[in-house]
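K.L.:
can't give you the sequence, but here's the structure:
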RNA sequence: UGAGGUGUAGCGCAGUUUGGUAGCGCGCUUGGUUAGGGACCAAGAGGUCGUGGGUUCAAGUCCCGUCACCUCAACCA
């Protein structure tokens, strides 16, 4: 094996995780860096993952009656300042357009960091009667947040996401959808990304600027750090009052609507990489993998090999499998490594020996196991294998996460826990000062409030605990 | 913003201490032999050494300035 192989180049996954992550992202050609700091150019292989995420997500939104729409990129500064907490939270990271058409603008324009304000302003015009409700819309868009430090997919100045925005007539309905969408996200993460998550309410400190309550799903990365992978926000009447979203109810009274929003971003791609990746590179969950199976011909110049590979490819494609035949001039060994690095779930080796036996060799990326497979009925076998891989990846990640959620009764235990790459459950009195103290002492933040309250005292002050919190270091 | 580090071929780097013809590996091009875990042989192409100034017969190397990027901290999806 060449000394310069990618496998040997990348850092050890346990000891130098951030470097490993960056190497994998760049070397697998998911992204390139943009000319502006903190921006990334998503290349076709990376974008294909996003397209698959979009397809799966759209199907789920549709099932909830949520339709896609599009709102403008530029938001008048005056919109942003209408909701006090919102502007305070986002002001430090908003990019502002001050000139256009060669002249200074009378009013500066924000490049959207999120679209509650501009969508709220439109909803205000569209909604008049209770008959107009609920309004359920989603937009796929780019947003910009001027972050100080960035990492591809996990935190970039510009990123792609979906943001759903709904208005309901009642608090109950609005809160119900807020929780429902959190559930949809969890199900999506489990079945499409093979990624286990913890879901729950966020603390006041961690909630969305302008929200009444924020709920999130947190995923555990390979190094034990937490990644916020999706959020839903119950906004109450905060934005409806700021943007005058009112409707005439059945009883003839003019009432403010209740709004909520929810979003996931290209960060999910980072989550996939950091949840499943290993020393060889990516391990793609089959449902969103750009390529689900790759055929590597052995001794491609021998008579009949390439023809058999092409025939197999056509049959698999016809069966709905995203399949690629690697006809490049590289050696088979090179191809094995290349496609493993890109995380393709199933590799199919087909050479003269197999052809004679009417078989091919299947190598699965998650366990690296190889099995023989009859060429007749290969499509069915591979479909089943893909489902098996997805389930196995989920179970493996779930077992790892669960084995690394520990309890702590003291700050020292909490510190030891997060330093060991764990999520730490602990009691909390509910006050901000104690939450800040945990951050200062252990560089860990409250990820989610855990429904199960088995603790009786606050880990910091020792008073009676109101909540059980999952603390972790986070990306 | 605080601390540290790096800018030399597409990528990764050596060369800087002690100034003297611009180097290595990978990748790329061409031809050939190969092929079940990153093949081999041969011949090639590719550089204003981040940038501005200074010292010198001579600067990638020494001096002064400047810009960019990276890591850690702080801040955040």
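P.N.:
Received the coordinates, thanks. What you are looking at is a predicted structure, and each value in this text was computed from that prediction instead of being measured. Numbers count the residues shown, from 1 in each chain, chains lettered A, B, ... in the order given.

K.L.:
can you report how many residues neighbour residue A:375?
P.N.:
Neighbour count for residue A:375, taken as other C-beta atoms under 10 Å: 18. Where you see a C-beta, it was placed from the backbone N, CA and C, and this is true even at glycine.

K.L.:
check what pLDDT it gets.
P.N.:
Listed pLDDT for residue A:375 reads 96.

K.L.:
next, give phi and psi for the closest residue to it other than its chain neighbours.
P.N.:
Distances taken as C-beta to C-beta, 6 or more residues apart in numbering put residue A:358 closest to residue A:375, at 5.3 Å, once the chain neighbours are dropped. Backbone torsions for residue A:358, taken as degrees, to the nearest 10, come to phi 70, psi 30.

K.L.:
hmm, who's touching stretch A:170-183?
P.N.:
A:64, A:134, A:136, A:164, A:166-168, A:199, A:213, A:215-217, A:230, A:232-236, A:258-260, A:262 (C-beta atoms under 8 Å, 6 or more residues apart in numbering).

K.L.:
in ChimeraX, how would I select just the buried ones from the residues you listed?
P.N.:
The ChimeraX command for the buried members of these (criterion: 16 or more other C-beta atoms under 10 Å) is given here:
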select /A:134,136,164,166,167,168,199,213,215,216,217,230,232,233,234,235,236,258,259,260,262
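
K.L.:
in helices, which of the contacts of stretch A:170-183 fall?
P.N.:
Assignment to helices by DSSP state H places none of the contacts of stretch A:170-183 there.

K.L.:
which ones among the contacts of stretch A:170-183 lie within strands?
P.N.:
A:136, A:164, A:166-168, A:199, A:213, A:215-217, A:230, A:232-236, A:258-260, A:262 (DSSP state E).

K.L.:
can you narrow these to ones near RNA strand B?
P.N.:
Among the ones in strands among the contacts of stretch A:170-183, not one lies near RNA strand B by C-beta under 7 Å from any atom of the strand.

K.L.:
now residue A:114, what's its secondary structure?
P.N.:
coil (DSSP: H, G, I helix; E, B strand; the rest coil).

K.L.:
quick check: closest non-adjacent residue to it.
P.N.:
residue A:143 (6.0 Å).

K.L.:
helix or strand for the one you found, just tell me which one.
P.N.:
strand A:135-144 (DSSP states H and E).

K.L.:
in that strand, what counts as buried?
P.N.:
Buried, per 16+ other C-beta under 10 Å, within strand A:135-144: A:135, A:136, A:137, A:138, A:139, A:141, A:143, A:144.

K.L.:
cool, stretch A:98-109 as well?
P.N.:
So stretch A:98-109, judged by 16+ other C-beta under 10 Å, has buried residues A:108, A:109.

K.L.:
next one: stretch A:383-395
P.N.:
Buried, per 16+ other C-beta under 10 Å, within stretch A:383-395: A:383, A:385, A:386, A:389, A:390, A:393, A:394.

K.L.:
from those residues, pick the one nearest residue A:296.
P.N.:
residue A:385 (16.2 Å; C-beta to C-beta).

K.L.:
okay, now the unreliable bits of chain A?
P.N.:
Counting by pLDDT under 70, chain A shows low-confidence ranges at A:1-16, A:451-455.

K.L.:
pop the domain breakdown of it in here.
P.N.:
A:6-276, A:293-400, A:405-472 (automatic domain parsing).

K.L.:
from the chain's centroid, how far away is the longest one?
P.N.:
In terms of C-alpha atoms, centre = their mean, to the nearest Å, the centre of domain A:6-276 is set 10 Å apart from its chain centre.

K.L.:
repeat that for the shortest one.
P.N.:
Centroid separation between domain A:405-472 and its chain, computed with C-alpha atoms, centre = their mean, is 25 Å.

K.L.:
just the buried residues of stretch A:290-302, please?
P.N.:
Those would be A:290, A:291, A:292, A:293, A:294, A:295, A:296, A:297, A:298, A:300, for stretch A:290-302 by 16+ other C-beta under 10 Å.
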